[in-house]
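**Q** Fold the stuff below for me.
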Amino acid sequence: MNNSALKQKLAPFLRFRTVAILLVVMLVLLVGPGIAVSSTIPTIAITSVVADQTVSIQTYNYPANQNFVVTMGPMGSQGIDGYYVTTINSGNGGSFPATFAIPDPLKGSYQIAIRLQSAQGFFSFNWFYNNTAGTGGQPPTTPGYVGIPTFAISAVTTDTDVTITTNNFPAGQKFIVTMGPMGTRGINGIVVGELNSGAGGTLTATFPIPPALQGSYQIAIRAQTEHTFPYNPYYAYNWFYNNTTGTGGIPVPPPPSGYTGIPTFKVCEVAKDGTATIVTNNFPPGQVFTVTMGPMYTAGINGIVVGTIDSGDGSSQRLTFPIPAQLMGSDRISMRAQTAHAYPFFAYNWFFNNTAVVC
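**A** Model (predicted):
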């Protein structure tokens with residue numbers, strides 16, 4: 001058989017092989033690493049620290065057989081572009097312990113951020129106090145305490161002080177109060193005082209506005225205990241306009257009768273650069289939420305408005321919102337739903353901007 005006849009005989013097979021290869025390449029390009037995301041997210045908890053030496057973690061919901069690069073960095077960095085520590089393999093995935101050395105440049109730091117990230121786009125991060133706390137720590141629990149602490153802004157004197165009124169604060173706790181620029185939630189802010197919760201519940205306290213923030217249009221404020229991991233601290237945060245509003249301010253909206261817990265939503269479906277579909281959970285009845293999207297890590301704060309949610313009777317809803325033109329092409333997008341009250345109900349999440357259906 002000559003070459004011409006052989007080529008003619010093999011032509012259908014070669015065309016099929018070419019089409020198959022193209023389909024595989026297109027699938028890889030379209031799917032990308034982000035599509036592998038499940039309806040849950042890998043996380044890590046800090047279980048123990050030996051000051052300036054090691055930190056031990058416990059993973060949760062980790063994907064199997066992926067190499068995770070471990071980095072540490074300054075507090076607030078989320079470990080992004082941090083100091084390389086090591087690379088670990090997730091093995092069978094799920095939950096497993098690991099211990100890492102604290103890199104020399106971070107020894108002596110008060111708080112340290114840690115991050116684990118794979119080439120497939122999975123990641124998780126946390127932070128820890130760089131002090132030896134053993135494996136037990138002190139759990140920030142108050143017998144009989146349930147729910148979460150919150151506080152409202154009750155009065156402001158421009159560039160002088162702000163008064164807050166707490167709600168559902170746990171008893172017997174010392175909260176460090178910090179202020180910072182708007183959008184920071186007071187994290188790593190300027191310490192302006194302490195609040196001892198005493199018997200807990202409702203308290204009123206006034207704190208000075210630090211010179212560094214005087215003249216600001218809006219200011220974030222935070223109250224947080226100093227518990228060391230593996231137990232999370234109690235905390236609450238809010239923000240205020242830096243202008244004198246008298247003694248009344250804007251009161252916290254009372255929660256609907258019988259409503260408990262916090263509103264949440266999960267992102268169930270994404271059309272790349274098109275839409276994101278969410279499913280709400282435990283939304284308070286009779287509320288209107290404004291939905292915003294923004295860059296990753298913003299929690300949707302000050303984001304682009306993409307729609308509203310009328311919570312109706314509070315039942316779970318499946319809703320679809322457009323991805324705004326300014327965020328098209330983004331790898332990941334933050335999403336937020338928030339009421340317009342001065343101390344609002346809110347929920348936020350994020351998603352990979354890849355076409356996927358996960359729930």
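
**Q** all contacts plus neighbour counts: C-alpha atoms, from now on.
**A** OK.

**Q** So this structure: which segments form each domain?
**A** For the chain, automatic domain parsing gives the domain ranges 43-129, 150-241, 264-357.

**Q** Dump those into a markdown table; add mean neighbour count as well.
**A** Shown next, in a markdown table, are the domains of the chain (neighbours: other C-alpha atoms under 10 Å):
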| stretch | mean neighbour count |
| --- | --- |
| domain 43-129 | 18 |
| domain 150-241 | 19 |
| domain 264-357 | 18 |
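
**Q** could you dump the ones you listed to a markdown table with mean pLDDT?
**A** Converted to a markdown table, those look like this (pLDDT from 0 to 100):
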| stretch | mean pLDDT |
| --- | --- |
| domain 43-129 | 87 |
| domain 150-241 | 86 |
| domain 264-357 | 90 |
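
**Q** can you list the residues that contact the helix or strand where Ile57 lies?
**A** Using DSSP states H and E, Ile57 sits within strand 54-60. Applying C-alpha atoms under 8 Å, 6 or more residues apart in numbering, the contact partners of strand 54-60 are 42-49, 94-102.

**Q** could you turn the next helix or strand after that strand into CSV, dropping everything but the C-alphas?
**A** Counting by DSSP H and E, the element after strand 54-60 in chain order, helix or strand, is strand 67-74. Output in CSV follows, covering the C-alpha atoms of strand 67-74 (Å, rounded to 0.1, in the frame of the first residue of the first chain):
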residue,chain,number,x,y,z
ASN,A,67,0.3,19.8,47.2
PHE,A,68,-0.2,22.8,49.4
VAL,A,69,2.4,25.5,49.7
VAL,A,70,2.6,26.8,53.3
THR,A,71,3.5,30.4,53.8
MET,A,72,3.5,32.8,56.8
GLY,A,73,3.5,36.6,56.9
PRO,A,74,2.6,39.6,59.0
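
**Q** which residue is nearest the centroid of the chain?
**A** For the chain, the residue sitting closest to the mean C-alpha position, by C-alpha atoms, centre = their mean, is Ala299 at 6.5 Å.

**Q** these two touch, right, it and Arg332?
**A** No: using C-alpha atoms under 8 Å, Ala299 is not in contact with Arg332, being 11.5 Å away.

**Q** hey, what's in contact with both of those two?
**A** In contact with both Ala299 and Arg332: Trp350, using C-alpha under 8 Å, 6+ apart.

**Q** now the end-to-end length of stretch 323-330.
**A** 10 Å (C-alpha to C-alpha, to the nearest Å).

**Q** Next: stretch 197-210.
**A** End-to-end distance (C-alpha to C-alpha), stretch 197-210: 23 Å.

**Q** re earlier: cross the contacts of strand 54-60 against strands and list the overlap.
**A** Counting by DSSP state E, the part of the contacts of strand 54-60 found in strands is 43-49, 97-101.

**Q** Which helix or which strand is home to the closest residue to Ser77 other than its chain neighbours?
**A** Distance criterion C-alpha to C-alpha, 6 or more residues apart in numbering; nearest residue to Ser77, sequence neighbours excluded, is Ala113 at 6.5 Å. Assessed by DSSP H and E, Ala113 sits inside strand 111-118.

**Q** ok, the closest residue to Tyr217 other than its chain neighbours - contacts?
**A** Nearest non-adjacent residue to Tyr217, counting by C-alpha to C-alpha, 6+ apart: Asn242, 5.5 Å away. Contacts for Asn242 were tallied using C-alpha under 8 Å, 6+ apart; they are 156-159, 215-219.

**Q** again, only this time at 6 Å
**A** Asn242 makes contact with 158, 217-218, according to C-alpha atoms under 6 Å, 6 or more residues apart in numbering.

**Q** ranges for the strands of the stretch 251-359 of the chain?
**A** 264-271, 275-281, 288-295, 304-310, 318-322, 332-338, 346-352, 356-357 (DSSP state E, counting those that start in this stretch).

**Q** Which secondary structure elements does the third one sit against?
**A** It refers to strand 288-295. Here strand 288-295 touches strand 304-310, strand 332-338, going by 3 or more C-alpha pairs under 6 Å, 6 or more residues apart in numbering; DSSP states H and E.

**Q** just to revisit the earlier point, name all residues that make contact with the residue nearest to the centre of the chain.
**A** 334, 348.

**Q** CA atoms only for stretch 108-126, dumped as PDB, please.
**A** The C-alpha trace of stretch 108-126 is given here as PDB (Å, rounded to 0.1, in the frame of the first residue of the first chain):
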ATOM      1  CA  GLY A 108       9.300  38.100  67.800                       C
ATOM      2  CA  SER A 109       6.000  39.000  66.000                       C
ATOM      3  CA  TYR A 110       3.000  39.400  68.200                       C
ATOM      4  CA  GLN A 111       0.600  37.900  65.600                       C
ATOM      5  CA  ILE A 112       1.300  35.900  62.500                       C
ATOM      6  CA  ALA A 113      -0.800  35.000  59.400                       C
ATOM      7  CA  ILE A 114      -0.500  31.500  57.900                       C
ATOM      8  CA  ARG A 115      -1.700  30.300  54.500                       C
ATOM      9  CA  LEU A 116      -2.000  26.900  52.700                       C
ATOM     10  CA  GLN A 117      -2.600  27.100  48.900                       C
ATOM     11  CA  SER A 118      -2.500  24.500  46.100                       C
ATOM     12  CA  ALA A 119      -1.700  25.000  42.400                       C
ATOM     13  CA  GLN A 120      -5.300  23.900  41.700                       C
ATOM     14  CA  GLY A 121      -6.700  27.100  43.400                       C
ATOM     15  CA  PHE A 122      -7.700  25.600  46.800                       C
ATOM     16  CA  PHE A 123      -6.500  27.700  49.800                       C
ATOM     17  CA  SER A 124      -7.200  28.500  53.400                       C
ATOM     18  CA  PHE A 125      -5.700  30.900  55.900                       C
ATOM     19  CA  ASN A 126      -5.800  31.900  59.500                       C
END
